[in-house]
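Undergrad: I would like to see how this sequence folds:
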Amino acid sequence: MSFTGGGSDLREFYSQNGYGAVVSAAIKKYMYVVIHPYFHDKIRIKYSRTEDVRSVEEIQHPLVRECLKKAQLGTGFEIASFADVPAGTGLGSSSAFAVGLLNALYACKGKIVTKERLAAQACEIEIDILGEPIGKQDQYAVACGNINYIRFHKDETVDVSPLFLTEEAKGMLERKLYLYYVGGERKASSILAEQKKNIAHGNTYANLCKMVSLSDRLRDFLLRGEIDSVGAILHEGWMYKKELASNISNGAVDTLYQTARSFGAEGGKLLGAGGNGFLLLFCRNHENLAASMACKTLPFQIDQEGTKILFYE
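TA: The predicted structure follows:
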């Protein structure tokens, strides 16, 4: 999940501006991928449906098919996946699945692959091969873990700089941030497709430049331990983000956000491309805020490891 700079990781922006930049974090909510031997010389994939095929080319699930082509594992196994939060809620579930699946597939071959390579291959699959109108931040966030300042360069290289917070600053940030579920699930593609088209227009491009500048400012605040500055930065960034495309926010989300502000939230943003999902809110007293919002909540806790193999046999 990103705090600032979301949208500047789109190729249409960073290739024109020279770079994009986000401050983002991986949180302690996970996508689990299990690969198990299959008695038949076939591939079985279990998700919302079950596929049982004889070759990779027959697979209907696009991410699974392309990840298997990349890893070249062969046949005779089955794949299942489980998630802590539903897809389409702005928490990067598709990229988490792509990175996790690649990691698991390479582990089955006895290969250790760097987190940067896993992220780069997930980007290649999602953006270049499948043509999804998305950026690169989710893949690098879930691969590397931690809270990072990430730069996306015109030459397609990516720099991930961990923000090493003191335990006091990390604890304060985790206490003052919470995720509030506003409902609904959606595919980000339609909103991001419009956003990409709008980058050619002056206001959208100018707002993205301001959002990149906010990433630089937030990085410096966090490194100095100035956690109380986060709320105002989030609010300013949300005002810019809402202008990037028509469906990023709506009346119901705006009303909830104003309610949150009236009950002590200093700032926040809708996570992901927009439309629905989770509001990230910065507040000094979430007990009172949660009572007023009447939303399902998730705590904000930073995962510091990124993608990893939990069990190997």
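Undergrad: Quick check: Tyr257 touching Leu289?
TA: No. Using C-beta atoms under 8 Å, Tyr257 is not in contact with Leu289; the gap is 11.8 Å. (Each C-beta comes from the backbone N, C-alpha and C, glycine too.)
Undergrad: so where does the nearest residue to Phe263 once chain neighbours are set aside fall, helix or strand?
TA: Spatial nearest neighbour of Phe263, excluding adjacent residues (C-beta to C-beta, 6 or more residues apart in numbering): Ser292 at 4.3 Å. Secondary structure from DSSP states H and E places Ser292 in helix 286-293.
Undergrad: Quick check: buried residues in that helix?
TA: By neighbour count on 16 or more other C-beta atoms under 10 Å, the buried set for helix 286-293 is 286, 289-290, 293.
Undergrad: Among those residues, which one lies nearest to Ser262?
TA: Leu289 (9.9 Å; C-beta to C-beta).
Undergrad: what's the distance between that closest one and Ala245?
TA: As judged by C-beta to C-beta, to the nearest Å, Leu289 and Ala245 stand 28 Å apart.
Undergrad: Likewise for Gly277?
TA: In terms of C-beta to C-beta, Gly277 sits 15 Å off from Ala245.
Undergrad: more crowded one of these two?
TA: Ranked by neighbour count (other C-beta atoms under 10 Å), Gly277 and Ala245 place Gly277 first, with 26 against 22.
Undergrad: Excluding sequence neighbours, find me the nearest residue to Leu271.
TA: In space, and not counting its chain neighbours, Leu271 is closest to Gly90: 3.8 Å by C-beta to C-beta, 6+ apart.
Undergrad: quick one: that neighbour is in a helix?
TA: No. Judged by DSSP: H, G, I helix; E, B strand; the rest coil, Gly90 forms no part of a helix; its state is coil.
Undergrad: Looking at it now. What's its pLDDT?
TA: pLDDT for Gly90: 85.
Undergrad: ok, it - contacts?
TA: 1, 188, 270-274, 276-278 (C-beta atoms under 8 Å, 6 or more residues apart in numbering).
Undergrad: From these, which one has the minimum pLDDT?
TA: Lowest pLDDT among these: Ala188, 62.
Undergrad: do you know how far the residue nearest to Phe263 is from Tyr257?
TA: Counting by C-beta to C-beta - Ser292 and Tyr257 are separated by 12 Å.
Undergrad: residue boundaries of the helices in this protein?
TA: 11-17, 62-71, 93-108, 115-123, 137-144, 167-176, 189-198, 202-223, 230-241, 251-262, 286-293 (DSSP state H).
Undergrad: got the ones you listed as CSV, with distance to Lys42 and mean pLDDT columns?
TA: Shown next, in CSV, are those (distance: least, C-beta to C-beta, whole Å; pLDDT from 0 to 100):
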stretch, distance to Lys42, mean pLDDT
helix 11-17, 37, 95
helix 62-71, 13, 97
helix 93-108, 16, 96
helix 115-123, 25, 98
helix 137-144, 29, 97
helix 167-176, 45, 97
helix 189-198, 31, 75
helix 202-223, 46, 95
helix 230-241, 45, 97
helix 251-262, 45, 93
helix 286-293, 48, 92
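Undergrad: Which stretch among those helices is buried most, on average?
TA: A comparison of the helices of the chain by mean neighbour count, using mean count of other C-beta atoms under 10 Å, puts helix 137-144 on top with a mean of 29.
Undergrad: relative orientation of it and helix 115-123 in degrees?
TA: Here the directions of helix 137-144 and helix 115-123 differ by 150 degrees (axes from the mean of the first three to the mean of the last three C-alpha atoms, to 10 degrees).
Undergrad: So which residues make contact with helix 137-144?
TA: 1-2, 5-6, 9, 22, 24-26, 31, 92, 94-96, 98-100, 115-116, 118-120, 122-123, 126, 148, 150, 152, 158, 160, 162, 306-307.
Undergrad: Please repeat the previous calculation with a cut-off of 7 Å.
TA: Identification of contacts with helix 137-144 by C-beta atoms under 7 Å, 6 or more residues apart in numbering yields 2, 6, 9, 22, 24-26, 92, 95-96, 98-99, 115, 118-119, 122-123, 148, 150, 158, 160, 306-307.
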